[in-house]
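Q: Task: produce atomic coordinates for the following.
(2 chains)
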Amino acid sequence: MLQPNKIAFYLLFILLIPFGAFGQGNEIDSLKNELKGHSTMDTIRAGLLIELANKLTYFDPNEAIPLMEEAISISEKTDWALGEALSHRQMGNLHYVLGDNIKALDQYQKALAISHKTNDRQLQSSLLSNIGNIHADLKEYDLALENYRSYLTTSQEMGNRADEIKALSNIAIIYNDTERFEEGVSYLEKALSLSKLEENDLFIAAITNNLALAYKKLDENEKALSLYLEAAELAEQINNKYIEASALNSIGKIYLLFNDYDLAETNANKALALSKEIDAVEWQSDSWEVLSEVYEHNRKLPEALDAFKKHVQLRDSVVNEEKKSELTRKEMQFKMERQQAVAQEEIKRQQLVKNGYLIGAILLLVFSIMGYLLYKRRRDALEKRKLAEFNAKVAETELKALRSQMNPHFIFNSLNSISDFISKNDIEQADDYLVKFSKLTRSILENSEKKWITLEEDIELMKLYMQIEGLRFDNKLKYHVSMDNSLEPDNVLVPPLILQPFIENSIWHGIAPKKGGGNIDIRIAKDGTMLKYIVEDDGVGRSGQNREEKKTKDSYGIKITSSRIDIINHLKNTKGSIELMDKAEGFRVEIKLPLELQF
Amino acid sequence: MLEAIIVDDEQHCINRLQKQLGAEAPDIEIIACCKTVENAQQIIAENSPDILFLDVQLGNQTGFDLLAAMKKIDFEIIFTTSYDNYALKAFKFSALDYLLKPVDKDDLRRSLQRLRQQRGLKDTSKKIDILFHNFKEGSETSKRIAIPTVDGYTMLDAKDIIRLQSDVNYTNIYTSAGKKITASKTIKFFESMLEGNDFFRVHKSHLVNLKFVESYSKGKGGHISLVDGNQIEVAIRRKEELLKRLT
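A: Residues are numbered from 1 along each chain as shown, chains lettered A, B, ... in the order given. The predicted structure is shown next:
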């Protein structure tokens, strides 16, 4: 048995073009005149263009295309979204009529996108339907279903029952085309009950016919037969010969299955007559097929052969048509696939470019961060060094300040002594003292500028100082300086006059109050990485002084020395220290400084 | 008997020196005391003294002005000054004698002793030349030095000295002309005189003119190579400072 053409069996509800599309020539002429009189590029002109193009759809679609291009451009310029959407839809219709499904689809999609701005649900609904139809034509069933479902939802929301029925029917057709007959039946039943509510006989007839086919596919022949009969009857009532012929052919085929050849023949003949009336080749072919089988059974072999020939002939012409459209479809599909491939390629390329940019951006970011971190590390290190240098500078300045602070202290002590000589009228001694004092002052002035002097120079200064003080105390003071053999006094560097306040202390508070004079013993030794000074006297010691004196006079020079050692510790990162000790007789000071060598 | 003139703008300084000379040097006769450059110039021309005690600061003029005005200097000079680092350095360069005020009688005695030993060597005008040269040439590099040697003085341009090497209490000075001069002063004396004039003490025994350093090679302290082909050891503690000066 020959596989029947599906297209021939299902009656599609495709509402592409409003029925009024088949306009009369004079209507078109009057619209053209109106357009000539209205050359302003406004929405009125755009509206007229759309109307004219609509009338031209089947009449002269090629002439209508430039009109739509103009309408689109005007609508865009005037921001008339509805006009733009309508223009695109009309453009789609024109392409569809011209057989270019792809372009039509493109225009419908554009129209749909713009229609969202207008909130015109009816427009959207019609577009969804059209888009679904084209997908169905292209056998892209999933996409067709998707659009039909949107179409259904929209029509339900709008309460447009006619559209709802069309949507349900179209969904059913897709299901049946993909041989999912149960779903198909259920959608058709829904459509049928709605059609009955609407009392739309055409719909009822067409849907009943489709339902019958579905049941036949499900091998429910009895049910199919009764539905076909219903459809044929109703079609006859509303004088729809197309549906009637289709239904009658189907009835004939079922009777063949039931071996009721007479009834089969009657129905087929009736269908043949009807289909000849409406020039429906496909139905004629079907009728001849049924008749051929009937004749064969009735042993009217020449008639049977003739009928079969006619069937095949007509079928072939249908199939040829079908083949042609199939070919077009295939071509379209190929075009579309190619387009898609190109688009895919473009997307891929763009993705690649995008990825390239992304990678570039990431690399840039990484490099920037790395660069910044390196820069920051360098900057931090630099800042740290600067800070350290600054701190050192501050410390140096402080040290200098402390050195210059000590000089006046000593100077005034000495001036007191000179004054004392003069008041005692000892001119010779006063002069001697003065000359030594000026020498010492000169040395101190020179050396106090220096951070470090050699131990040799410092010892000379100490000796000179003690000589001067010795003069003052009538040579009651004896001193002794000794040094480790391991020390090279011209190579060891010391901060100038660091011992002076302690020697002064020993002289003024240890030896001066002591009857019969005293000794100062200075020892300098190496103690690991440190230089150790020991200043010892055999004076009266701290116990011999009254508390007030000890507190006020001792503290000044010692405080300064202590600060100096602190700063040296800070600069050199060492542990210099001062230690004061009371002896049974006298006083002992131990000072530790970092051992600095010149070479 | 030596004839001396004292030039000082302060009467108490004249008095003090007169008194000290009277006590310390009975063989010196003070024939005049002057307070201004003009007066001194005239008195010196008239009397041609053996010794001049010359104060550096004379009102708003200086003792150098007086010397510059003299046609010839055929007398010994002992400068006197209170505190003038710049002048002291200049004296050291030119090996001229000086006394610091207030004058210590021991220092005076030593100066006079030196003067008696050197009298007749006719070095004084050369030393004065150096003094004036150094004053005229403001730049530190073209300083001239009078180098005390065992038998007198050798005059040298500081920029001609490549290096100085300590030899106990003597110092050997090596010049770019390939000469070696043995000075009767310690290296420390020269260091304090020359420091700041491209000279750097790279080692306890070595004072080097950095202008003649050809290269530095790393090491504990490292070595420097001089243009005359000599390699000089650098003390560890001087390395950092040296590299700072070289770069």
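
Q: From here on, just use CA atoms for contacts and neighbour counts.
A: OK.

Q: where in chain B is pLDDT low?
A: For chain B, applying pLDDT under 70 flags the ranges B:120-122, B:137-141.

Q: Outline the domain layout of it.
A: Domain ranges of chain B: B:2-133, B:156-246, per automatic domain parsing.

Q: Could you check the longest one against chain A for contacts?
A: Yes - between domain B:2-133 and chain A, judged by CA under 8 Å from any CA of the partner chain, the touching residues are B:83, B:102, B:103, B:104.

Q: Name the residues linked to residue B:98 by a beta bridge.
A: Counting by DSSP bridges, residue B:98 forms beta bridges with residue B:79.

Q: list the contacts for it?
A: By CA atoms under 8 Å, 6 or more residues apart in numbering or on different chains, the contact list for residue B:98 reads B:78, B:79, B:80, B:81, B:88, B:91, B:111.

Q: from what I can see residue A:213 touches residue A:223, true?
A: No - between residue A:213 and residue A:223 there is no contact under CA atoms under 8 Å: 9.8 Å.

Q: Looking only at neighbour counts, state which of the two leads.
A: Under the neighbour definition other CA atoms under 10 Å in any protein chain shown, residue A:213 and residue A:223 were set side by side, and residue A:213 has more, 26 against 15.

Q: ok, and the closest non-adjacent residue to the more buried one?
A: Of all residues not flanking residue A:213 in the chain, residue A:224 sits nearest, at 6.5 Å (CA to CA, 6 or more residues apart in numbering or on different chains).

Q: That neighbour and residue A:188: what is the separation?
A: According to CA to CA, to the nearest Å, residue A:224 and residue A:188 sit 13 Å apart.

Q: and if you look at residue A:36?
A: For residue A:36, the distance to residue A:188 equals 49 Å [CA to CA].

Q: follow-up on the earlier one: could I get the contacts of residue B:98 as JSON lines with neighbour count?
A: JSON lines is the format used below for the contacts of residue B:98 (neighbours: other CA atoms under 10 Å in any protein chain shown):
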{"residue": "B:78", "neighbour count": "19"}
{"residue": "B:79", "neighbour count": "22"}
{"residue": "B:80", "neighbour count": "24"}
{"residue": "B:81", "neighbour count": "20"}
{"residue": "B:88", "neighbour count": "19"}
{"residue": "B:91", "neighbour count": "21"}
{"residue": "B:111", "neighbour count": "15"}
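
Q: of all the residues you listed, which comes closest to residue A:303?
A: When those are compared for distance to residue A:303 (CA to CA), residue B:88 wins out at 152.1 Å.

Q: Just the element for that closest one, please.
A: Using DSSP states H and E, residue B:88 sits within helix B:85-94.

Q: So which residue of chain A lies furthest out from the middle?
A: Most distant from the centre of chain A: residue A:425, at 98.4 Å, with distances by CA atoms, centre = their mean.

Q: When residue A:36 and residue A:188 are compared, which one has more neighbours?
A: Neighbours per residue (other CA under 10 Å) separate residue A:36 from residue A:188, with residue A:188 holding more: 25 against 11.

Q: in chain A, what residue is nearest chain B?
A: Here the residue of chain A nearest chain B is residue A:599; by CA to the nearest CA that distance is 5.4 Å.

Q: what about the stretch 201-350 of chain A, any weak spots by pLDDT?
A: The model of the stretch 201-350 of chain A has pLDDT under 70 over residues A:322, A:326, A:329-330, A:332-333.

Q: make it 80
A: Residue ranges of the stretch 201-350 of chain A with pLDDT under 80: A:279-281, A:317-340.

Q: now the strands: where do they sit in it?
A: For the stretch 201-350 of chain A, applying DSSP state E, counting those that start in this stretch gives no strands.

Q: Please give the element, helix or strand, for residue B:165.
A: Per DSSP H and E, residue B:165 falls inside strand B:161-167.

Q: still on that earlier bit, and the domains of chain B as JSON lines, adding distance to residue A:337?
A: Below are these laid out as JSON lines (distance: least, CA to CA, whole Å):
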{"stretch": "domain B:2-133", "distance to residue A:337": "100"}
{"stretch": "domain B:156-246", "distance to residue A:337": "77"}
